[in-house]
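Q: need a 3D model of the following:
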Amino acid sequence: MSPPILIIMILSLSMGTLITITSSHWLLAWMGLEINTFAIIPLMTQKYSPRTMEATIKYFIMQTTAATMLLFASISNAWLTGQWDIQQMTHPLPLTMISIALALKLGLAPMHAWFPEVLQGLTLPTGLILSTWQKLAPFSLMLQLPSNNAMLLTTFGLLSILMGGWGGLNQTQLRKILGYSSVAHLGWMILVMHYMPSLTFLAFMTYILLTFSMFLTFWYNQSTTINTLSISWTKTPILSAITPLVLLSLGGLPPFTGFLPKWMILSELTKQDLMLTATTAALSTLLSLYFYLRLSYAMTLTTSPNNLPATLPWRINFTQPTMALAITSMSSLFLLPLSPTALALFSS
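A: You can find the predicted model right below:
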């Protein structure tokens, strides 16, 4: 793709997201989502292959279905109540339909099956955009919805945590594992959305930081399967030492940054007397922790059959700048002491 076209696509992607985030009218929000969808499709098809085209078509069909459902629900709400405002979605039937449409766009369980399949067919940089930036627009719409459907969102959240952990257990492809990890993390955010929106935003920012670090790690390491991780210590030894710690942070273990959102979400759920919900979420996340530990084991505790002098010439010389990887990796490990500042910042 030529640089001018690439710049146009990235600007369109940013503009579509910003239109949706800043709009209060359902038609404008729908237009922003459509611009967003059409802008990323050329980025998804940069490297042509049958698998890439399959992933792109799947993504287009799912996003079109969700956008059509959202448009139909918003028109139905305008017909029933006379309101086009996003925060005036008062009728229960259109509200439920729009919640399902946004869950489909985000990849929440039980409408999550398309997301790991699409992610598997993309390059790692495009997959990073799909896992982070593309979540912003539907997430902002879900934050603005009234809290009449808290039970539905709690169900989506718990199912996402469970299915995100369960689906990643038997995977060997790193992109699918990151896809199921994304589903599980979104479930945590949805659980607390209507009780403390600022905490949801904090969890989303932490998720972006951790996911950015993992995608860049696998991209620089030129790894797409678990088998290639087992020889990564000979290619990038320092990166191989840091990555398992980032994976543990992604799993939510203290004293790393990923512990902060899970800790605060469980605390908020117990304050709302949702003990059973908090317990179920905490136990379900153990499934996700298992495949993070599996990746850590493959990367650091398995030894390549080659000896070190024979593999030294094959070490990777990075052609991309590594500053972003260094910043996100260190932030993924050492930001927990700043949690009072972060909470004060996001609560104000």
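Q: domains in the chain, as residue ranges please.
A: As given by automatic domain parsing, the domain ranges for the chain are 1-122, 146-348.
Q: mean confidence score for the last one?
A: Averaged across domain 146-348, the pLDDT comes to 86.
Q: okay, the domains of the chain in TSV with mean neighbour count and distance to L136 next?
A: (Each C-beta comes from the backbone N, C-alpha and C, glycine too.) What follows is those, written out as TSV (neighbours: other CB atoms under 10 Å; distance: least, CB to CB, whole Å):
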stretch	mean neighbour count	distance to L136
domain 1-122	18	5
domain 146-348	18	8
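Q: those domains into JSON lines, with extra columns for distance to L128?
A: Putting those into JSON lines (distance: least, CB to CB, whole Å) gives the following:
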{"stretch": "domain 1-122", "distance to L128": "9"}
{"stretch": "domain 146-348", "distance to L128": "4"}
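Q: among those domains, which is nearest S140?
A: For the domains of the chain, proximity to S140 was assessed by CB to CB; domain 1-122 is nearest, at 4.5 Å.
Q: quick one, helices of the stretch 51-200 of the chain?
A: 92-106, 114-120, 124-131, 133-144, 150-167, 174-191, 197-221 (DSSP state H, counting those that start in this stretch).
Q: need these in JSON lines (columns: distance to A326).
A: Putting the helices of the stretch 51-200 of the chain into JSON lines (distance: least, CB to CB, whole Å) gives the following:
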{"stretch": "helix 92-106", "distance to A326": "30"}
{"stretch": "helix 114-120", "distance to A326": "25"}
{"stretch": "helix 124-131", "distance to A326": "16"}
{"stretch": "helix 133-144", "distance to A326": "21"}
{"stretch": "helix 150-167", "distance to A326": "28"}
{"stretch": "helix 174-191", "distance to A326": "20"}
{"stretch": "helix 197-221", "distance to A326": "10"}
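Q: compare the domains of the chain and give me the one nearest S131.
A: Here domain 146-348 is closest among the domains of the chain (CB to CB), at 5.0 Å.
Q: residues contacting the residue lying closest to M196 once chain neighbours are set aside?
A: Distances taken as CB to CB, 6 or more residues apart in numbering place E268 nearest to M196, at 5.1 Å, with adjacent residues excluded. With contact set as CB atoms under 8 Å, 6 or more residues apart in numbering, E268 has these partners: 192, 195-196, 199.
Q: so which of those comes closest to G107?
A: V192 (18.3 Å).
Q: how far away is the closest one from M9?
A: 34 Å (CB to CB, to the nearest Å).
Q: ok so, going back, among the contacts of E268, which one lies nearest to Y220?
A: Out of those, the member with the shortest distance to Y220 (by CB to CB) is L199, at 31.9 Å.
Q: pretty sure the closest one is touching V192, no?
A: Yes. With contacts counted by CB atoms under 8 Å, L199 reaches V192, the gap being 5.4 Å.
Q: okay, and the common contacts of these two?
A: What both L199 and V192 touch, as defined by CB under 8 Å, 6+ apart, is the set 265, 268.
Q: pLDDT value on I41, please?
A: For I41, pLDDT reads 94.
Q: wait, is it part of a strand?
A: No. Using DSSP: H, G, I helix; E, B strand; the rest coil, the assignment for I41 is helix, not a strand.
Q: so it makes contact with A55?
A: No. Using CB under 8 Å, I41 is not in contact with A55; the gap is 10.5 Å.
Q: how about the helices of the stretch 201-348 of the chain, start to end?
A: Going by DSSP H, counting those that start in this stretch, the stretch 201-348 of the chain shows helices at 226-229, 232-235, 237-251, 259-271, 275-296, 308-311, 323-334, 339-347.
Q: dump the ones you listed to TSV, plus distance to Q173.
A: Below are the helices of the stretch 201-348 of the chain laid out as TSV (distance: least, CB to CB, whole Å):
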stretch	distance to Q173
helix 226-229	8
helix 232-235	16
helix 237-251	16
helix 259-271	25
helix 275-296	12
helix 308-311	24
helix 323-334	21
helix 339-347	33
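Q: ok, now which ones touch I98?
A: I98 touches 69-70, 73-74, 77, 89, 141, 145, counting by CB under 8 Å, 6+ apart.
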